[in-house]
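J.: Give me coordinates for this.
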Amino acid sequence: MNGMHLLSLSFEQNGHSQVITPVLLRDEHELILVDCGYPGFLPLLAEAANSQQLDLSALTRVIATHHDVDHIGALAALKQAYPQIEIIAYESDAPYVTGAKTSLRILQAQATLASLTGEELELVEQFIRFLQTIEPAPVERTVVDQDRLPWCGGIEIVHTPGHMPGHMSLYLPASQTLIAGDAVVIEDGKLAIANPQYALDLADAVRSVRRLLDYEIRQLVCYHGGLFQGDVKQALEELLHRYQTT
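T.: The predicted structure follows:
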């Protein structure tokens, strides 16, 4: 029997309460984790899985929607704890997960250093040092747009660049579910672009939202915001309208 389990991870960061939502997909033979949180989050993941009568020791695969630290920070620890897992990433994003290329977030932050002074400069330098400590992880399988993975009723890869060039979302046709990653987030009950000021290509991010309208989406899961409550198509159209009129 196929199943989807949302893992709501609550934590404090920089004095603010935050929640992220990795997803576990399950069938008779597979237990697949989509994104995995920050470094040190393995206990949080295990606790959230256990609360739904699932054990991370049964993990077969981890899919990384993109290489931001809150999505892959615990990936190396997962691989060390459960060496049987296969790590899956988008083809163009994989070199950043493995450490073969410097994180795009590091390059983005470094590009701002010359224009910063004082406390702002110190914070960005601290952020860069933090990102440089992230342990790389191997990628055993790469995917591209419209690839169809056979597990859990079928998982279609949807390339949704903008937030990052190699960002992907996952569409589950059997349940008409989209796991959005950071293609969209939920803010005050509405869909929004994730941190538009930090999107590596905001125009691409908007085009990715438009592309989601090609899919029949009954359930939408956002990494930041969880399960969207409401008419998904209408919410996507409203989001696009906000960007078309600004």
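
J.: ok so Leu44 is a strand residue?
T.: No: under DSSP: H, G, I helix; E, B strand; the rest coil, Leu44 sits outside any strand and is assigned helix.

J.: nearest spatial neighbour of it, skipping sequence neighbours?
T.: Once flanking residues are discounted, Leu44 sits nearest to Leu9: 4.9 Å by C-beta to C-beta, 6 or more residues apart in numbering. In this view, the C-beta of every residue, glycine as well, is placed from N, C-alpha and C.

J.: Next, count neighbours for that neighbour.
T.: 18 (other C-beta atoms under 10 Å).

J.: do Pro196 as well
T.: 13.

J.: List the residues that contact it.
T.: With C-beta atoms under 8 Å, 6 or more residues apart in numbering as the criterion, the residues that contact Pro196 are Leu202, Ala205.

J.: thinking again about what came up before, residue contacts, the residue nearest to Leu44?
T.: Leu9 neighbours (C-beta under 8 Å, 6+ apart): Val19, Ile20, Thr21, Pro22, Gly37, Phe41, Leu44, Leu45, Ala48.

J.: ditto for Glu238
T.: So Glu238 contacts Lys190, Leu191 (C-beta under 8 Å, 6+ apart).

J.: sec struct for it, please.
T.: Secondary structure of Glu238, reduced to three states by three-state DSSP: helix.

J.: just to revisit the earlier point, can you pull the pLDDT of the residue nearest to Leu44?
T.: pLDDT for Leu9: 97.

J.: roughly how far out does stretch 63-75 sit from the chain middle?
T.: 6 Å (C-alpha atoms, centre = their mean, to the nearest Å).

J.: picking up where we left off before, among the contacts of Leu9, which are in strands?
T.: Val19, Ile20 (DSSP state E).

J.: farthest pair in the contacts of Leu9?
T.: The largest distance within the contacts of Leu9, taken as C-beta to C-beta, falls between Val19 and Leu45 and amounts to 13.6 Å.

J.: Hmm, Thr65 is touching Asp182, no?
T.: Yes: assessed by C-beta atoms under 8 Å, Thr65 is found in contact with Asp182 at 7.0 Å.

J.: Show me whatever sits in contact with both of the two.
T.: His71, His167, Tyr223.

J.: Thr65 and Asp182: which has the busier surroundings?
T.: Higher neighbour count among Thr65 and Asp182: Thr65, with 28 against 25, using other C-beta under 10 Å.

J.: Name the nearest residue to that one, sequence neighbours excluded.
T.: Nearest to Thr65 is Gly181, by C-beta to C-beta, 6+ apart, at 3.2 Å.

J.: Any idea how many residues pack against the one you found?
T.: Number of residues near Gly181 (other C-beta under 10 Å) recorded here: 29.

J.: Beyond the host helix or strand of Thr142, next helix or strand please.
T.: Using DSSP states H and E, Thr142 maps to strand 141-143. Note on strand 141-143: by DSSP H and E, the next helix or strand toward the C-terminus is strand 148-149.

J.: Break down this protein into its helices, ranges please.
T.: For the chain, the helices defined by DSSP state H cover 42-50, 69-72, 75-81, 94-98, 104-110, 118-132, 202-212, 232-244.

J.: re the thing from before, compare neighbour counts for Val19 and Leu45 and give me the winner.
T.: Legend: neighbour count by other C-beta under 10 Å for Val19 and Leu45, higher for Leu45 (21 against 12).

J.: and the gap between that one and Val62?
T.: Relative to Val62, Leu45 is positioned 10 Å away (C-beta to C-beta, to the nearest Å).

J.: cool, and Gly230?
T.: Gly230 sits 29 Å away from Val62, going by C-beta to C-beta.

J.: more neighbours, those two?
T.: Val62 (25 against 13).

J.: Show the contacting residues for the nearest residue to the more buried one once chain neighbours are set aside.
T.: Leaving out its chain neighbours, the residue that sits closest to Val62 by C-beta to C-beta, 6+ apart is Leu33, at 4.7 Å. Applying C-beta under 8 Å, 6+ apart to Leu33 gives the contacts Pro22, Val23, Leu24, Leu45, Leu56, Leu59, Arg61, Val62, Ile63, Leu78.
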